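Chemist: Only the shape, not the letters, is given here:
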């Protein structure tokens, strides 16, 4: 665009290059553009009419002569739409003579003026924002943080009879995140995570256990000893689908946004987490759990005594038919070996006939949805506490897989058989 040119309605700039076999001047070029395109297009695209109505601007020509030849650039501002501008640009290439000389015009590009203006707006906005940030002093930053903190506290709600600190979405979200304390809930609220609830202490409330059975639950605990203790108890009273932890030695309330997002992104299924850790089999942790909760300690003692009594009562019966049991177990193990590496399993009836083949990744849902008589489930995978509980609920007597991990509550009506 030339200096002083008012192109307030210009949308596009047509850039064309002209080459002439002789000496030509600007009026010759402008006359050729108007004269040789006249009648070529419809009346709606006649250059003189378009310029008279202001739909194209003044044609700009920059021409240079050297060694008997002329070469230069033509720029035509256009406020037409994209299609009409493209037609007009193409029509320039039909010009083959300027004044007395043969000439050739080639359209180089059509520039979108609005795109250039948008880029200018973005760059200027960046400069303005940078100046705004630099002008905000420490006092202003402190005031902003105080207001944000007040808004987060206002957003925090409560859950259950225990009035546990929770995010505002805890009552409506299909998925929840269980954290340790109120500060953890506030920190996650700061980063827009609103489906959280805190257990508020090392003793997990029963309401959290019940809630975890109804929602997809992720446990997000501190990367220290306390986080392990809370996770252990949560696994015993609730149904946790995924587990993630803060970096070792850090607490959830102190994490930055990227650390929170990475931790939640890297959450793993509970069975996978238990298979790679020894959290439920750590004897010192068990002692700590007993000291934390005397009622749970008494319950465990009662269960242990009942278990020992059941073992004494069952011992004679086990010794009466060892051969039958060994034959059945051996047969099931042989069947299991046929599934090795396939990622599938089978549901069997009492006669050990396969009634349905299932995918291992859907094994939990398949067990939960079993209807009718099913005696055993064999699959190419790992038996977890969750599968044992589901099998007990559906009356399945045997679970057969290559191994089991961290079974802390073994129902009397479910027999676990592994390849080893």
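Modeler: Sure thing, it's come through. These numbers come from a predicted model, not from an experiment.

Chemist: now the strands for the stretch 101-250 of the chain?
Modeler: Using DSSP state E, counting those that start in this stretch, the strands of the stretch 101-250 of the chain run over 101-112, 157-159, 164-166, 175-179, 196-198, 216-221, 242-245.

Chemist: Of these, which shows the lowest average pLDDT?
Modeler: When the strands of the stretch 101-250 of the chain are compared by mean pLDDT, strand 157-159 comes last with a mean of 86.

Chemist: mind listing what residue 335 touches?
Modeler: Taking Cβ atoms under 8 Å, 6 or more residues apart in numbering as the contact definition, residue 335 lies against 346, 352, 378, 400. The way it works is simple: take the backbone N, C-alpha and C, and place the C-beta from them, glycine included.

Chemist: same thing but at 10 Å, please
Modeler: Contacts for residue 335 (Cβ atoms under 10 Å, 6 or more residues apart in numbering) come out as 346, 348, 352, 354, 376, 378, 400.

Chemist: my guess is the second one contacts residue 417, does it?
Modeler: Meaning residue 348. No - using Cβ atoms under 10 Å as the test, residue 348 is too far from residue 417 to be in contact (12.0 Å).

Chemist: okay, and the common contacts of these two?
Modeler: Common contact partners of residue 348 and residue 417 (Cβ under 10 Å, 6+ apart): 332, 376, 378, 398, 400.

Chemist: Could you look up the SS state of the first one?
Modeler: The one in question is residue 332. The three-state label given to residue 332 by DSSP: H, G, I helix; E, B strand; the rest coil is helix.

Chemist: burial measure for it, as a count.
Modeler: 19 (other Cβ atoms under 10 Å).

Chemist: hang on, the earlier thing: buried ones among the shared contacts of residue 348 and residue 417?
Modeler: 332, 376, 378, 398, 400 (16 or more other Cβ atoms under 10 Å).

Chemist: what's the farthest-apart pair in the shared contacts of residue 348 and residue 417?
Modeler: Farthest pair in these (Cβ to Cβ) is 378 and 398. Separation: 8.3 Å.

Chemist: which residues in the stretch 1-150 of the chain form helices?
Modeler: 26-37, 47-52, 82-91, 113-135, 138-155 (DSSP state H, counting those that start in this stretch).

Chemist: May I ask which helix or strand of this protein has the lowest mean pLDDT?
Modeler: Across the helices and strands of the chain, the lowest-confidence element by mean pLDDT, DSSP states H and E is helix 283-292, at a mean of 41.

Chemist: Phi first, then psi, for the residue nearest the centre of the chain.
Modeler: Geometric centre of the chain, nearest residue: residue 265, 7.3 Å, by Cα atoms, centre = their mean. The phi/psi pair for residue 265 (degrees, to the nearest 10) reads phi -70, psi -40.

Chemist: What pLDDT does the model give it?
Modeler: As predicted, residue 265 sits at a pLDDT of 89.

Chemist: Next: residue 224.
Modeler: We have a pLDDT of 84 for residue 224.

Chemist: Tell me who's in contact with it.
Modeler: Taking Cβ under 10 Å, 6+ apart as the test, what residue 224 contacts is 245, 246, 248, 249, 250, 251.

Chemist: same check, this time on residue 402
Modeler: Contacts of residue 402 by Cβ under 10 Å, 6+ apart are 333, 336-337, 339-340, 379-383, 418-420.

Chemist: can you check residue 49 too?
Modeler: Contacts of residue 49 by Cβ under 10 Å, 6+ apart are 43, 55, 56.

Chemist: Endpoints of stretch 37-53, how far apart?
Modeler: One end of stretch 37-53 sits 17 Å from the other (Cα to Cα, to the nearest Å).
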